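Enquirer: no sequence on this one, just coordinates:
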């Protein structure tokens, strides 16, 4: 992650603590001096406030009662004005420094979370709803921001207001000062009990808000399906149910606050009335001057206010602590690189015993740095693309094995085709190559070295995948094609990749050509066009291993032939894996693997498999029969009934 100049670098995982306040303090590393400046400024403002009331007592008792005042009125007036300016100025400085430190902490936290989530393994994303992640990275982050910007600084302000004003009260009348804090223990105990309840209810509220966000995100993502099946009312009912549950939990939270404030204000009000009454009696009896009474009354207000403020902060900080916990749950997750290091450590002894030299980060970077990312780049000697599976097994969950004892070898330049019914494990198999998932048994070797010996970034630069459902970013067509290349790419290289993927001529029909925006603010491409854009993006990346996950399913026969001809030229020196459901797509493969229920049930070339009784021949005969019927009926001749616009 590129470090921002606005904040110092910090691994937030190292700040995690079982004590949430300690963890939050750890988040402030690099901003603590700024925050300390905010606290000191607040202390100065608080002292100025207390001195205002002491000046008031002096003015009433010592100046107004004198026939010839020793101090001119204008100096007293300037004193009041000066203290007010002092208080206001340092309050402003305190707020500014607190906001600067809080926003800096949150800027770093947001950037870290975004980078961290991108680096979490696929298994985490498989089990976590996108809406829930969005909610945690927005609502919960904002709750932590409020904690730093408002609540934490307010805790310091409350404590200083109490300490400084209580010291001033003691200087006026000791007995009355102690009576003024008589209700503090009661208010503190009551606030603590309510805060525990609020903590539980707020956590439940945030969880349900995550459910609502996930429901909304899922609906918007699948809006075409919703409309196609006319399920708007069903989705509305589902959303209303989740929204009503959020409403119910929100009501419980509001009721707690609605009950809490009147009780606390009643306690504070009774305390204030008691002190005013006792002070008035002391003035009547002559044991307290009018000036001292006025100063004492003003200071008591700034003692009672912290009492209310402390209770409010106890309840509000609990919401920030809940949100912090929810963010820590994400930060605690191990990144792919961290899991990679753990695997490497476990296998290092095995590597030494087999006298296998591990590829270091520097060695692999030096090898791959010589690789050109253009279409005419030379294949490096270090990464040749020899792939060997040895008794590989894989399971998504502990009790759900997807692949069983997969073994085969692919030499550089060979095409390996994967064929089989839906759910047979074809996509799961190729997803092991870039280590989107870690295999649970056996070995996968790349040029004689196990995949875990290669750093993940370098390994994935050598594997290019065209997904069955390609994704394009809301950027220009040029940027989408050049997305996977980490260097400056010429227009000629981009156009060469586009021509090879049979998308160049279509791009030229758009008014802005390669500068045409895609997505929400630009043109909408058809499924076949998106597929060809994804192919162009992968071809420009020029990896050593190509993976096409049914990548030509959305193009017509003529375009498919063009793409296959281009692939035939470009795959020389590269290991190519092709997942397909049509026999015509896999007939030219050097090795065809037929999978069923996670096992290889047949293997060989086309003519070898046609000579065997099995799934491959049955699929071929079925597809040939369908094509013959289509031709006989003269329906869409030569297109196999498919369109690629």
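Expert: Now that the structure is in, tell me what you want to look at. Everything quoted here is computed from the prediction, not taken from an experiment.

Enquirer: moving C-terminal of the helix or strand of the chain with the lowest mean pLDDT, what's the next helix or strand?
Expert: Lowest by mean pLDDT, DSSP states H and E among the helices and strands of the chain is helix 361-369, with a mean of 43. Using DSSP states H and E, the helix or strand that follows helix 361-369 towards the C-terminus is strand 387-397.

Enquirer: give the buried residues for the helix or strand just after that next one.
Expert: Of the helices and strands lying after strand 387-397 in sequence (DSSP H and E), the nearest is strand 400-410. Neighbour-count burial for strand 400-410, with 16 or more other C-beta atoms under 10 Å as criterion, is recorded at 401-404, 406, 410. (C-beta placed from N, C-alpha, C; glycine too.)

Enquirer: now, which of those residues sits nearest residue 122?
Expert: Comparing the buried residues of strand 400-410 against residue 122 with C-beta to C-beta places residue 402 closest, at 13.2 Å.

Enquirer: quick one, domains of the protein?
Expert: The chain breaks down into these domains under automatic domain parsing: 12-333, 367-633.

Enquirer: what is the burial count for the residue nearest to residue 71 when sequence neighbours are not counted?
Expert: Of all residues not flanking residue 71 in the chain, residue 63 sits nearest, at 6.2 Å (C-beta to C-beta, 6 or more residues apart in numbering). Using other C-beta atoms under 10 Å, the number of residues around residue 63 comes to 17.

Enquirer: ok, residue 200 next?
Expert: 13.

Enquirer: can you tell me the helix or strand for it?
Expert: helix 184-221.

Enquirer: residues contacting the helix or strand following that helix, please?
Expert: Sequence-wise, the next helix or strand downstream of helix 184-221 (DSSP H and E) is helix 223-228. Helix 223-228 is contacted from outside by 219, 231-232, 235, using C-beta atoms under 8 Å, 6 or more residues apart in numbering.

Enquirer: name only those of these that count as buried.
Expert: Members of the contacts of helix 223-228 classed as buried by 16+ other C-beta under 10 Å are 219, 235.

Enquirer: could you export the contacts of helix 223-228 as TSV, including secondary structure and pLDDT?
Expert: As requested, the contacts of helix 223-228 are exported to TSV (DSSP: H, G, I helix; E, B strand; the rest coil; pLDDT from 0 to 100):
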residue	secondary structure	pLDDT
219	helix	82
231	coil	82
232	helix	85
235	helix	86
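
Enquirer: from the contacts of helix 223-228, which is closest to residue 278?
Expert: For the contacts of helix 223-228, the nearest to residue 278 is residue 219 (63.2 Å; C-beta to C-beta).

Enquirer: please identify the buried residues of stretch 261-275?
Expert: 264, 267-268, 271-272, 275.

Enquirer: check whether residue 98 really touches residue 40, as I assumed.
Expert: No: with contact defined as C-beta atoms under 8 Å, residue 98 does not count as touching residue 40 (11.4 Å).

Enquirer: anything in contact with each of these two?
Expert: By C-beta under 8 Å, 6+ apart, no residue touches both residue 98 and residue 40.

Enquirer: assign residue 268 to helix, strand or coil.
Expert: helix (DSSP: H, G, I helix; E, B strand; the rest coil).

Enquirer: which strands and helices lie in contact with the host helix or strand of residue 263?
Expert: Take DSSP H and E as the rule and residue 263 turns out to sit in helix 232-285. Helix 232-285 is packed against helix 174-179, helix 184-221, helix 290-331, with contacts defined by 3 or more C-beta pairs under 8 Å, 6 or more residues apart in numbering; DSSP states H and E.

Enquirer: in the second one, what's buried?
Expert: What it means is helix 184-221. Result for helix 184-221 [16+ other C-beta under 10 Å]: buried residues 184, 187, 190-191, 194-195, 197-199, 201-206, 208-219.

Enquirer: one step back: pick the one among the contacts of helix 223-228 closest to residue 179.
Expert: Nearest member of these to residue 179, counting by C-beta to C-beta, is residue 219, at 60.4 Å.

Enquirer: that closest one: what's it in contact with?
Expert: 226, 235, 239.

Enquirer: also residue 547?
Expert: So residue 547 contacts 430, 433, 463-466, 576-577, 579 (C-beta under 8 Å, 6+ apart).

Enquirer: any idea of the mean pLDDT in the strand or helix carrying residue 530?
Expert: In the assignment (DSSP H and E), residue 530 maps to helix 527-541. The average pLDDT for helix 527-541 rounds to 83.

Enquirer: which strands and helices sit next to it?
Expert: Using 3+ C-beta pairs under 8 Å, 6+ apart, helix 527-541 sits against strand 463-466, helix 477-481, helix 491-500, helix 557-570.

Enquirer: closest one to residue 279 among those?
Expert: helix 477-481 (73.3 Å).

Enquirer: which stretches of the stretch 501-645 of the chain form helices?
Expert: Here the stretch 501-645 of the chain has its helices, by DSSP state H, counting those that start in this stretch, at 504-508, 527-541, 557-570, 583-586, 606-610, 615-633.

Enquirer: can you tell me which helices and strands the shortest one packs against?
Expert: Judged by 3+ C-beta pairs under 8 Å, 6+ apart, the packing partners of helix 583-586 are strand 415-419, helix 615-633.

Enquirer: mind doing that once more with 10 Å?
Expert: strand 415-419, helix 557-570, strand 575-579, strand 591-596, helix 606-610, helix 615-633 (3 or more C-beta pairs under 10 Å, 6 or more residues apart in numbering; DSSP states H and E).

Enquirer: again, but for the longest one
Expert: Here helix 615-633 touches strand 415-419, helix 583-586, strand 591-596, strand 599-604, helix 606-610, going by 3+ C-beta pairs under 10 Å, 6+ apart.

Enquirer: now residue 422, what's its secondary structure?
Expert: coil.

Enquirer: check contacts around it.
Expert: Shown in contact with residue 422 (C-beta atoms under 10 Å, 6 or more residues apart in numbering): residue 581.

Enquirer: coming back round to it: from the contacts of residue 547, pick the one nearest residue 258.
Expert: residue 465 (54.9 Å).

Enquirer: tell me who's in contact with residue 199.
Expert: So residue 199 contacts 315, 317-319, 321-322, 325 (C-beta under 10 Å, 6+ apart).

Enquirer: report the angle between whichever strand or helix holds residue 111 and helix 290-331.
Expert: Per DSSP H and E: residue 111 is located in helix 73-118. Relative orientation of helix 73-118 and helix 290-331, computed by axes from the mean of the first three to the mean of the last three C-alpha atoms, to 10 degrees: 10 degrees.

Enquirer: tell me the mean pLDDT for helix 73-118?
Expert: pLDDT averaged over helix 73-118 gives 88.

Enquirer: ok, back up a step: which among the contacts of residue 219 gets closest to residue 154?
Expert: Once C-beta to C-beta is applied, the member of the contacts of residue 219 that ends up nearest residue 154 is residue 239, at 36.7 Å.

Enquirer: next up, the contacts around the residue nearest to that closest one when sequence neighbours are not counted.
Expert: Nearest residue to residue 239, sequence neighbours excluded (C-beta to C-beta, 6+ apart): residue 215, at 5.6 Å. Going by C-beta under 10 Å, 6+ apart, residue 215 touches 129, 131, 235, 238-239, 241-243.

Enquirer: cutoff 8 Å now
Expert: 131, 238-239, 242.

Enquirer: no more questions from me, cheers.
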